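S.K.: What would the 3D arrangement of this be:
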Amino acid sequence: MLSLVGIVSTQVYWVRKAYELRERQFHQSVTKALGEVARRVARINSDSMGVQVVPLSTSYYLVSLTTPIDSRKLEFNLGAQLEINQVLTDFEYGIYDDQVGKLVYENASRQPSLLASAPVSGTKNPAASPYYFVVHFPRQVQYLTHQLDNWILASVIVLLITGFFIYLFYRMLTQNSHSDEQREFFNNMTHELQTPITSIKLAADVLSSPKIMEQPERMLKYVRMVQEETTRLQQQVETVLTVARSEKKGGFKLHPVPIDLHEMLYHLAERHGDYLHLQLEADSPIILADRLHLGNVIGNLVDNAVKYTPENPFIQLITRTFNGQLIVTVQDNGIGIAPEHQPYVFNAYYRAPGVNTHSVKGFGLGLSYVQKIVKAHHWKLSLSSTLGQGSAFSIRIPQLTIHPIPKELRVKS
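M.R.: Numbers count the residues shown, from 1 in each chain. Got it, this is the predicted structure:
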């Protein structure tokens, strides 16, 4: 990267130096041409002494004489000498009239506004001699830049090539990072899937024993274990498949139905311990959403809150109404997320550094899944977190203009 920056800096430096060199050459050529013009004018008047060329700026020049100036001969000599010295750009000139005390612009019809802005356009005579003329090159910058066309073209090509290599370098870095994240994902997925499969195998072995029929309570225990682990495995597979489908053209399809969010949260709280607290204050909890995906979203946020609150978890499910929106928040008192990692937590496979990825279960897809489902519903997801103090994930949902759904139309969660 430093070498690429060095190449760009060097190219800019040399273009600038080339322009400065052309500018000096232009000044030397103009000074030589104007000096010769002044000597020719003075020679016509039998006086070649006292000729002086003074640069007033990069594009204005004053030429002082000790004899009167013939404007017709001056213009002819200016054109001839500038062409001889390879100064092939437009010029304007004015002659100082001592009688009226100001410049008379002999060819002012070409660019009168430019010549009138010359540094000597006032009435005071800036030269020691009462006879002088000024020459202005209105397109000097364009003329010098045009001479550097090859330099500029080469610089543009170098910059494009450099930009391509910078992009290629960036892509390589991001690809390596993505590969590392995918490798970590597969490691975590193997670890995650192994647990329910092992539990189901163990329960199946026990249930296949003839003696288990004589112990109905123990049999029911292992049946529940199979059901719970199968549900867990199904959720994990569904999360992976949903993320994969969302990356395909067309994404995945939602099946929105009216849902009583408070009822869904009550059912969710029943499956968790005393650490999960409800604070349901929304006026109307009826929303239009895909029931399966909404349940997975809230479940993922709660599971994350539990995972990253290693001691004395206090998880809150909060609903409230604000500006015609229902806001549902999952808040915890866990380890929190550092500010520099917060923009990346919704990326697939990303897991914040400093977390033991094998002690904390998950694929690194949960929050990515949550964000995709929220976007698919056209809702808004936000994160507020302080390192060491916990995190709060909030979803803003537009409310339906209907009131609680009749009980016979409700679909149980």
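
S.K.: pretty sure Ser391 belongs to a strand, no?
M.R.: Yes: checked against DSSP: H, G, I helix; E, B strand; the rest coil, Ser391 lies within a strand.

S.K.: which residues sit in contact with it?
M.R.: Neighbouring residues of Ser391 by Cβ atoms under 8 Å, 6 or more residues apart in numbering: 305, 308, 331-332, 334, 336-337, 383-385. For the C-beta atoms, the positions are set from N, CA and C on the backbone; glycine is no exception.

S.K.: Just the ones in strands from these, please.
M.R.: 331, 383-385 (DSSP state E).

S.K.: Only whichever of the residues you listed are buried, select them in PyMOL.
M.R.: A single PyMOL command is used to select the members of the ones in strands among the contacts of Ser391 judged buried by 16 or more other Cβ atoms under 10 Å:
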select buried, resi 331+385
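
S.K.: Make a markdown table out of the ones in strands among the contacts of Ser391 and add distance to Pro216 and pLDDT.
M.R.: Formatted as a markdown table, the ones in strands among the contacts of Ser391 follow (distance: Cβ to Cβ, whole Å; pLDDT from 0 to 100):
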| residue | distance to Pro216 | pLDDT |
| --- | --- | --- |
| Gln331 | 42 | 95 |
| Leu383 | 48 | 94 |
| Ser384 | 49 | 94 |
| Ser385 | 48 | 93 |
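
S.K.: Closest to Val156 out of the ones in strands among the contacts of Ser391?
M.R.: For the ones in strands among the contacts of Ser391, the minimum distance to Val156 (Cβ to Cβ) is 43.0 Å, reached by Leu383.

S.K.: so where do the strands sit in the stretch 251-400 of the chain?
M.R.: Remark: strands assigned in the stretch 251-400 of the chain by DSSP state E, counting those that start in this stretch are 256-260, 276-280, 286-290, 315-322, 325-331, 380-386, 390-398.

S.K.: can you tell me which of those comes nearest to Leu202?
M.R.: strand 276-280 (28.3 Å).

S.K.: and that closest one, which strands flank it?
M.R.: Applying DSSP bridges to the sheet, strand 276-280 is found paired with strand 315-322 (parallel).

S.K.: Mind listing the residues bridging to the closest residue to His277 other than its chain neighbours?
M.R.: With sequence-adjacent residues excluded and distances taken as Cβ to Cβ, 6 or more residues apart in numbering, His277 is closest to Gln316, at 5.0 Å. Beta bridges link Gln316 to His277, Gln331, judged by DSSP bridges.

S.K.: separation between Gln316 and Gly79?
M.R.: Here the criterion is Cβ to Cβ, to the nearest Å. By it, Gln316 lies 88 Å from Gly79.

S.K.: domains of the protein?
M.R.: The chain breaks down into these domains under automatic domain parsing: 2-147, 149-246, 256-409.

S.K.: wouldn't Phe91 be in contact with Leu78 here?
M.R.: Yes: the pair Phe91 / Leu78 is scored as a contact, 6.7 Å apart, by Cβ atoms under 8 Å.

S.K.: what would the ones in strands among the contacts of Ser391 look like in a markdown table with distance to Gln215?
M.R.: Formatted as a markdown table, the ones in strands among the contacts of Ser391 follow (distance: Cβ to Cβ, whole Å):
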| residue | distance to Gln215 |
| --- | --- |
| Gln331 | 43 |
| Leu383 | 48 |
| Ser384 | 50 |
| Ser385 | 48 |
